[in-house]
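> Let's see this in three dimensions:
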Amino acid sequence: MKKYLYLSVALLTTLSLGACGDDDGPGSGSDANVQFSTSSYTLDDEPIDVKVVASQAAASDLNIGFTVGGTATAADYELSAQSFLLEAGKTEATVTVTPKQAFEAAKTLTLTLTPGTGYTIGRVASTTVNLAKSSVYVYSFTTAAAELQESLDITLTVGNDNFKAPKDLELPFEVLSGSTAELGKHFLVKDDATSFIVPKDGNTATLTLLPGPDVDPSNPVTLNLGVDEQGGRFVAGEIESVIITVKGLLTYAALAGTWQHKELIGLEMLELFAMDEDLDTSKIPSNNDDFTITITDEGDHAKFTPSSTGDLADLFRTCDMTYTAPFNVQEAGKVSGSCTTVGEQYFWVDEGSFDLTYFQLSSGNRSFENSNEKLGKLTIALMLDKDGSMILFLRDYDEPPFLPKWWYTDHFETDFFGFGYRFEKVVQ
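Alright, predicted model coming up:
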């Protein structure tokens, strides 16, 4: 009799234990049991996903509510949703927490699940997002002003020369107030980039700008380019923005017309240098009062027609003019495109720089002397000044009949012989 009693007690115990399972496990009922996947997260510079998990796939879409608490305020973060959406057939749902500003001190954000229909709440009913004290990075552009012609690289630096980014740093660019240029119309960004990206272990980032379809070289627009400081995560250093004059590529149409010579730029300093070395200044090709150049737009090229009077008539001939690669670029200049440069200086003036477009002339007198004509191709560089003047720089010819002491090498010395001439358009 005692044996049967022991057996009955054992069976009852087994049945009782089978009826008492963990209420967080699967199969605890028809409702999914939901809880946070972890009890804590850390939020620093990048958004994070806070996750809830369910004990079983939801039979239909469930909205799982939550409340927020902690020391963080709405100014510190942004939530992608006000509830977790657990889609039918899924066992996970997320809400993204995005930092809105730099955190000067550590803060907390607590999310607590609230009861609802179709689910029960498991053990991990709350999670704490720890908002870590933010790293603040100082950025600065490498130039305060630039011109966009064929293309333009804009570079910024973060930290000092020894700084190494702990991870990829993303600084979205912004078109600041005062800009008349519009993205997509007057300028484009190469590869459709939206941010400066400083790579891990680096300290610089570069965006390449291109002229847009509506740019007009004769009517430049202004782009004031800055970055989104992301609530103080990035702080401006010496140069906080770049003012870019958007000109676009200098076209044959913009150059079309008749241009009259006005001056050899820097002639006074050029003559002083020459006199110091007892050179004949009268032979410097500066006597061009009546000299003109007529440029005619012919679609894929231009016709270049010089007049027959003036020192420059010894160099130029009627010919075709086409775009060409930069050649004999002044040392400080930088090639910015297939036919353009930026930042070229001019030896005979003390200040300023020039952004130039290079052209090849199909014919010219390379000797610069009519009594000793040697026809061949020539390279010139042109720009339109802000007042509408055309500036022409010489970039290629053979040893000329002037300043012989300065022609001491077997190649063209741009500093000494790359003369710049200013022309003004003749009103028709």
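> CA atoms only: put the strand ranked longest in the chain into PDB for me.
Longest strand in the chain by number of residues (criterion: DSSP state E): strand 354-365. Provided in PDB are the C-alpha atoms of strand 354-365 (Å, rounded to 0.1, in the frame of the first residue of the first chain):
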ATOM      1  CA  PHE A 354      44.900  83.700 -60.800                       C
ATOM      2  CA  ASP A 355      42.600  80.800 -61.700                       C
ATOM      3  CA  LEU A 356      43.300  80.100 -65.400                       C
ATOM      4  CA  THR A 357      42.000  78.200 -68.400                       C
ATOM      5  CA  TYR A 358      44.500  77.000 -70.900                       C
ATOM      6  CA  PHE A 359      44.200  77.200 -74.600                       C
ATOM      7  CA  GLN A 360      46.300  76.000 -77.600                       C
ATOM      8  CA  LEU A 361      46.800  78.300 -80.600                       C
ATOM      9  CA  SER A 362      47.200  76.200 -83.700                       C
ATOM     10  CA  SER A 363      49.800  78.700 -85.100                       C
ATOM     11  CA  GLY A 364      52.000  81.500 -83.800                       C
ATOM     12  CA  ASN A 365      55.500  82.900 -84.400                       C
END
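> For that strand, buried residues please.
Judged by neighbour count (16 or more other Cβ atoms under 10 Å), strand 354-365 contains these buried residues: 354-362, 364-365. The C-beta positions use only the backbone N, C-alpha and C, and glycine is treated the same way.
> same thing with stretch 119-129?
So, applying 16+ other Cβ under 10 Å, buried residues of stretch 119-129: 119-122, 124-129.
> from those residues, which two are the most distant?
Thr120 and Val129 (23.6 Å; Cβ to Cβ).
> Run through the bridge partners of Leu382.
Leu382 has these beta-bridge partners by DSSP bridges: Thr357, Leu392.
> Oh, that last question was meant for Asn224, not what I typed.
Here Asn224, judged by DSSP bridges, has bridge partners Ile243.
> so who does it touch?
Applying Cβ atoms under 8 Å, 6 or more residues apart in numbering to Asn224 gives the contacts 175-179, 241-244.
> Highest neighbour count among those residues?
Ile244 (24 neighbours; other Cβ atoms under 10 Å).
> Leu207 versus that one, what's the distance?
11 Å (Cβ to Cβ, to the nearest Å).
> overlap in contacts of the two?
Ile154.
> if we can go back for a sec, can you name every helix or strand that the longest strand of the chain contacts?
Where contact means 3 or more Cβ pairs under 8 Å, 6 or more residues apart in numbering; DSSP states H and E, strand 354-365 is packed against strand 319-323, strand 340-344, strand 375-384, strand 390-394.
> Which strand or helix spans Met269?
Per DSSP states H and E: Met269 is located in helix 267-276.
> Could you pull out the buried residues of that helix?
Applying 16+ other Cβ under 10 Å to helix 267-276 flags 270-271, 273-274 as buried.
> moving C-terminal of it, what's the next helix or strand?
strand 292-297.
> Quick check: buried residues in that following strand?
Buried residues in strand 292-297, counted by 16+ other Cβ under 10 Å: 292-295.
> Closest to Glu331 out of those residues?
Looking across those and measuring by Cβ to Cβ, the closest to Glu331 is Ile293, at 27.3 Å.
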